[in-house]
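Chemist: here's a sequence, model it:
(chains A and B)
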Number of protein chains: 2
Amino acid sequence: MHKTQRANSVPKIANYKPLRFIRLDRTLDIPLHRQLGDLLQDAVLSGKLQPGTRLPSSRILAEELDISRNTVSRAYTQLIQEGYFESLVGSGTRVTYTLPEDLLHVVNQNEAAVGARETDVTGKKPRLAQHSAHLVELPYDWERAAAAPFDSALPDMDAFPSKIWEKLLVSTWRGLANRDLGYQSALGYLPLRQALAEYLSTTRAVRCNAEQVVITNGAQQALSLSMGLLLNRGDQAWVEDPCYYGVKAALNSAMAEIVPVPVDQDGLDVEYGIQHAPNARMVYISPSYQYPTGATLSLTRRLKLLQWAADNRKWIVEDDYDSEFRYAGYPIESVQGLDRGERVVYVGTFSKVLFPALRVGYMVVPPALVEPFHAARAHMDRGGPILEQAVLAQFISEGHLARHMRQMRTRYAERQKTLIEMSKKFLDGLLEVQDTKAGLHLVGWLPNGVDDKAVSQALRENGILAQPLSDYALEPMQRTGLILGITSVDVLDIPQAVKKVAAVLSTFITSR
Amino acid sequence: MHKTQRANSVPKIANYKPLRFIRLDRTLDIPLHRQLGDLLQDAVLSGKLQPGTRLPSSRILAEELDISRNTVSRAYTQLIQEGYFESLVGSGTRVTYTLPEDLLHVVNQNEAAVGARETDVTGKKPRLAQHSAHLVELPYDWERAAAAPFDSALPDMDAFPSKIWEKLLVSTWRGLANRDLGYQSALGYLPLRQALAEYLSTTRAVRCNAEQVVITNGAQQALSLSMGLLLNRGDQAWVEDPCYYGVKAALNSAMAEIVPVPVDQDGLDVEYGIQHAPNARMVYISPSYQYPTGATLSLTRRLKLLQWAADNRKWIVEDDYDSEFRYAGYPIESVQGLDRGERVVYVGTFSKVLFPALRVGYMVVPPALVEPFHAARAHMDRGGPILEQAVLAQFISEGHLARHMRQMRTRYAERQKTLIEMSKKFLDGLLEVQDTKAGLHLVGWLPNGVDDKAVSQALRENGILAQPLSDYALEPMQRTGLILGITSVDVLDIPQAVKKVAAVLSTFITSR
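Modeler: As a prediction, the model looks like this:
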């Protein structure tokens, strides 16, 4: 009925008037038929041309616009194909009747889309999933400006063998065949998985073959994959307290319940966990160099944890953070290497050893989890790009990785030694810097009662980036402190930087 | 008590006997102190050295083994650090008492870890999250051997401008500063986001600025991110039926309820969706060239869908699959470009335009979703590597992408035309090949009652890869068919391949 009414109300001829809005520009790069098509389409969407409106024949419009008839026909055909126009047998072309006219909005191609904002056009918050509502409450903006002393986010990249990497980029790219550019296994590029299986078994006593190695976009993807795959909503997971917040984010996304388990000088208090949360399904540990406290999980606790996990079929996610950086003795072997119950998902990354924008991490999963992880990764993103993986495989197998790591260990060891010495000299009574021979940061413990967040803020204002330990706490900490990274400060600048820390700290300690 | 008992039972001297197992090998590359440490550690873990066992002094062991005392001391020190040994004030070294002896297992360094298997050491299936249990039921192994005629998984990569890409790899790598190698925004590398914003607004009439563009690991990550972020467990989502199974996988992972909505020649039946599932929270569409049917969503339906979504604050995920490949007319603009309600998440990929192992896809999200997507991506994997993104940004801005796409369009158009012609000639009555001027595949409809899976299998045995349409069906299809890809077959080979299809098909059609 609606249709009939409108059909009757449309005059038979002379809808030429509305087409006066058409101005073609022969100086533009855009073909005339396309300019015409765009203008007609805009006219429909903006309501200038109402549903049912008859259009002039291509001959007449071509004459009016002084263009070829073919140009008009092409524009009409396109609009018919797109559904804006319909052609009537024997009676020309009209704007499609069935277009729901109340849907047609003003189109303004120059209308600038605005940047990120909190609400949508209705002024309301967008409707996210429940588990996503708190996503933005955890730190997510990782982009960094220039580094400052004691920042620990970035490795020192000055010594990165950029020329070697460049050579490998070229030779690797040339060596990739067409089929390598297709879809690879979502588990990662096999030569890299092989190189890693060998590397990890040598350096970390990880027991695996290449099949169990999964390449990820950094350690974070290994965490989110593991927690997504292994935890139901509401499942409990033990988390080291204090803890790296990437873990919290991955557990939140899985809607798991976080059970904070205290960390002391021997690492995670396994007994506490067993007592307080025996039903947890997963345990997260960073046993080599706990982030942020720097504790190493004791052998006794490692074995106890493994036994409990094997007896009760729990999962252990071992984040082997900073295991590469041990400046005395040789590294303590991985928990995975001690595991005989196939309970451990082992996680590592090249973000600190090479550079973060490489986005290559890895995990070693128990044999029974290979297929589920394969499927989960395929459904999540089908894996990462091949080139980085192929270059890295070559970088490892040619011995460049080992060389680079030796060099970096020497460099970092010197800085760490200097930082400890300078702290003893200048920070006595102000900050108790933990004496350790590993890791990319040291923990400095503040006197009881000093607010580490306030101290950190004051330091920041003085050009020093030392994160407060309490930022990582799940439960209030008995004693707080600062994270002093050694990656972003030259050894020669350490004395000066420590003196600056002393100056700022003394205002807090004396003014209490 | 346990402790005391054992302490008493350990003889005061002479535990030298068990150390006879130590055989050092001076020909190995491994330092002697480390060999010794490893052997002692194995002895503890295997039970040869029981908790509490006293060890010979470093002097005595050094004499026995004919090595330097310092070598023994280093090994002992390491094992003390690791918790295997403890040093007793004034009375030497012993195996740590508190090691839970029932936890100590046989360590065999040669024990080969086995490959992927279905059960863990206990012989039981591993405990996955509920939503993960069905992950492996959808296809996840995307690795491909050599292509065969009518396979549609991979683009034709023979024409890829590999030399240009190589040049850009080098110049881009050299141009990256140290800070570029740190953490980038999880949304992606800004110059690429800017290049894409411009590219999409020109070619697809997408309305956005660079801030709204998110770079992903291919389209699949865009799907899994969107569905994970926007859907609660149990939320309904309309899905085109038949549909690409990556969508199903992403929705399964989000534990959403899939509502199949039929597709006809005008694309998704919007009215059907509104009638049958008005409470759905999301709609998935591939409106340019519906996968797998090749339908284009009509303008009327686009507008109706947008209005419904705006009125009811629903989300639309627009997968602009194959929009780049239109061989006649110019492409129909994106649904996102028509959206004034900010309801559309627009998704695209370079997997088909360039190559899959590049792993670069993208999405354009409404302004109010930028921050949530930023956080979600950061928590998922902190973004992809920078190099591909920087190279691609350059590739686009220098005009290489546009050139490459023109070339590929010409190539694919010729193949499509030939395939249609040959089908008319040889497949009459056997397979009704859809006549269209877009996409990287054509749909061939089988006569009613012919089993497309059986046909596909028979073709595979004859070297032809034509996937059955019904593999993509959510509900049983009224009429089934085959997917005939044009990316993996040279134009000259098409007649021969079509004849082969005819030969195989005729056995099915006559034998019915």
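Chemist: adjacent strands (with direction) for the top strand by length along chain A?
Modeler: Longest strand in chain A, counting residues (DSSP state E): strand A:257-264. With DSSP bridges as the test, strand A:257-264 is paired with strand A:236-241 (parallel), strand A:267-268 (antiparallel).
Chemist: will you turn the ones you listed into TSV that also has mean neighbour count?
Modeler: Every residue, glycine included, has its C-beta placed from N, CA and C. Converted to TSV, the strands paired with strand A:257-264 look like this (neighbours: other C-beta atoms under 10 Å in any protein chain shown):
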stretch	mean neighbour count
strand A:236-241	24
strand A:267-268	26
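Chemist: could you dump the ones you listed to TSV with mean pLDDT and distance to residue B:71?
Modeler: Below are the strands paired with strand A:257-264 laid out as TSV (pLDDT from 0 to 100; distance: least, C-beta to C-beta, whole Å):
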stretch	mean pLDDT	distance to residue B:71
strand A:236-241	97	36
strand A:267-268	97	29
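Chemist: indicate which one of these is closest to residue A:380.
Modeler: strand A:236-241 (19.6 Å; C-beta to C-beta).
Chemist: how about residues contacting that closest one?
Modeler: A:227, A:231, A:247-248, A:251, A:256-263, A:267-268, A:273, A:277, A:279-286, A:290, A:473-475 (C-beta atoms under 8 Å, 6 or more residues apart in numbering or on different chains).
Chemist: where does residue A:250 sit, in terms of helix or strand?
Modeler: helix A:245-253 (DSSP states H and E).
Chemist: please read the previous query as pertaining to residue A:308.
Modeler: Using DSSP H and E, residue A:308 sits within helix A:299-312.
Chemist: give the pairing partners of the helix or strand that that helix is followed by; include direction for each.
Modeler: Next helix or strand after helix A:299-312 toward the C-terminus (DSSP H and E): strand A:315-319. Using DSSP bridges, strand A:315-319 pairs in its sheet with strand A:282-285 (parallel), strand A:344-349 (parallel).
Chemist: any chance of the ones you listed in TSV, with mean pLDDT and mean neighbour count too?
Modeler: Below are these laid out as TSV (pLDDT from 0 to 100; neighbours: other C-beta atoms under 10 Å in any protein chain shown):
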stretch	mean pLDDT	mean neighbour count
strand A:282-285	98	26
strand A:344-349	98	27
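Chemist: can you lay out those strands as CSV showing distance to residue A:216?
Modeler: Formatted as CSV, the strands paired with strand A:315-319 follow (distance: least, C-beta to C-beta, whole Å):
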stretch, distance to residue A:216
strand A:282-285, 16
strand A:344-349, 8
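Chemist: and stretch A:415-426, which residues are buried?
Modeler: By neighbour count on 16 or more other C-beta atoms under 10 Å in any protein chain shown, the buried set for stretch A:415-426 is A:415-416, A:418-420, A:422-423, A:426.
Chemist: among those, name the ones in strands.
Modeler: Per DSSP E, the buried residues of stretch A:415-426 never map to strands.
Chemist: of those residues, closest to residue A:465?
Modeler: residue A:419 (14.3 Å).
Chemist: what separation is there between the closest one and residue A:504?
Modeler: Using C-beta to C-beta, to the nearest Å, residue A:419 is found at 16 Å from residue A:504.
Chemist: how about low-confidence regions in chain A?
Modeler: A:1-18, A:100-115, A:145-146, A:330-331, A:511-512 (pLDDT under 70).
Chemist: now residue A:444: phi and psi?
Modeler: Dihedral angles of residue A:444 (phi, psi; degrees, to the nearest 10) stand at phi -110, psi 120.
Chemist: please name the bridge partners of it.
Modeler: Bridge pairing for residue A:444 - DSSP bridges - gives residue A:433, residue A:482.
Chemist: now do the contacts for it.
Modeler: Residue A:444 sits next to A:423, A:427, A:431-434, A:466, A:481-484 when contact means C-beta under 8 Å, 6+ apart.
Chemist: got it, and residue A:474?
Modeler: Residues near residue A:474 by C-beta under 8 Å, 6+ apart: A:239, A:241-243, A:248, A:258, A:260.
Chemist: likewise for residue A:87?
Modeler: A:76, A:80, A:93.
Chemist: and residue A:481, by the same measure?
Modeler: Residue A:481 touches A:431-432, A:443-446, A:452, A:468-469, counting by C-beta under 8 Å, 6+ apart.
Chemist: host element of the closest residue in space to residue A:132 that isn't next to it in sequence?
Modeler: Of all residues not flanking residue A:132 in the chain, residue B:229 sits nearest, at 4.9 Å (C-beta to C-beta, 6 or more residues apart in numbering or on different chains). Element membership for residue B:229, per DSSP H and E: helix B:218-230.
Chemist: gap between residue A:416 and residue A:354?
Modeler: From residue A:416 to residue A:354 the distance is 20 Å (C-beta to C-beta).
Chemist: looking at the stretch 401-512 of chain A, which residue is nearest chain B?
Modeler: Minimum separation of the stretch 401-512 of chain A from chain B (C-beta to the nearest C-beta) falls at residue A:437, amounting to 9.6 Å.
Chemist: how about that residue: what's its closest non-neighbour residue?
Modeler: Nearest residue to residue A:437, sequence neighbours excluded (C-beta to C-beta, 6+ apart): residue A:328, at 4.0 Å.
Chemist: so the one you found belongs to a strand, correct?
Modeler: No: counting by DSSP: H, G, I helix; E, B strand; the rest coil, residue A:328 is not part of a strand but coil.
Chemist: count the residues that sit near residue A:390.
Modeler: 23 (other C-beta atoms under 10 Å in any protein chain shown).
Chemist: can I assume it sits in a helix?
Modeler: Yes: assessed by three-state DSSP, residue A:390 belongs to a helix.
Chemist: contacting residues for it?
Modeler: So residue A:390 contacts A:172, A:175-176, A:180, A:189, A:191-192 (C-beta under 8 Å, 6+ apart).
Chemist: cool, and residue A:182?
Modeler: Per C-beta under 8 Å, 6+ apart, neighbours of residue A:182: B:144, B:153-154, B:157, B:355-357.
Chemist: how does chain A divide into domains?
Modeler: A:2-103, A:159-402, A:410-510 (automatic domain parsing).
Chemist: tell me which of those domains is the most buried.
Modeler: domain A:159-402 (a mean of 22; mean count of other C-beta atoms under 10 Å in any protein chain shown).
Chemist: any idea how far apart the tips of it sit?
Modeler: 14 Å (C-alpha to C-alpha, to the nearest Å).
Chemist: could you do stretch A:150-158 as well?
Modeler: OK, stretch A:150-158 end separation, C-alpha to C-alpha: 16 Å.
Chemist: which residues are contacting it?
Modeler: Stretch A:150-158 is contacted from outside by A:142, A:144, A:147, A:351-356, A:408, A:411-412, A:440-441, A:459, A:464-467, A:482-489, A:497, A:501, B:178, B:181-183, using C-beta under 8 Å, 6+ apart.
Chemist: just the ones of the residues you listed in helices?
Modeler: A:408, A:411-412, A:459, A:497, A:501 (DSSP state H).
Chemist: quick check: angle from the helix holding residue B:229 to strand B:344-349?
Modeler: Using axes from the mean of the first three to the mean of the last three C-alpha atoms, to 10 degrees, the direction of helix B:218-230 lies 150 degrees away from that of strand B:344-349.
Chemist: for helix B:218-230, packing partners?
Modeler: helix A:370-380, strand B:213-216, helix B:245-253, strand B:282-285, strand B:315-319, strand B:344-349, strand B:361-364, helix B:370-380 (3 or more C-beta pairs under 8 Å, 6 or more residues apart in numbering or on different chains; DSSP states H and E).
Chemist: quick one: contacts for the residue of the stretch 201-350 of chain A found nearest chain B?
Modeler: The nearest approach of the stretch 201-350 of chain A to chain B comes at residue A:299, 3.1 Å away (C-beta to the nearest C-beta). Residue A:299 makes contact with B:82-84, B:96, B:99, according to C-beta under 8 Å, 6+ apart.
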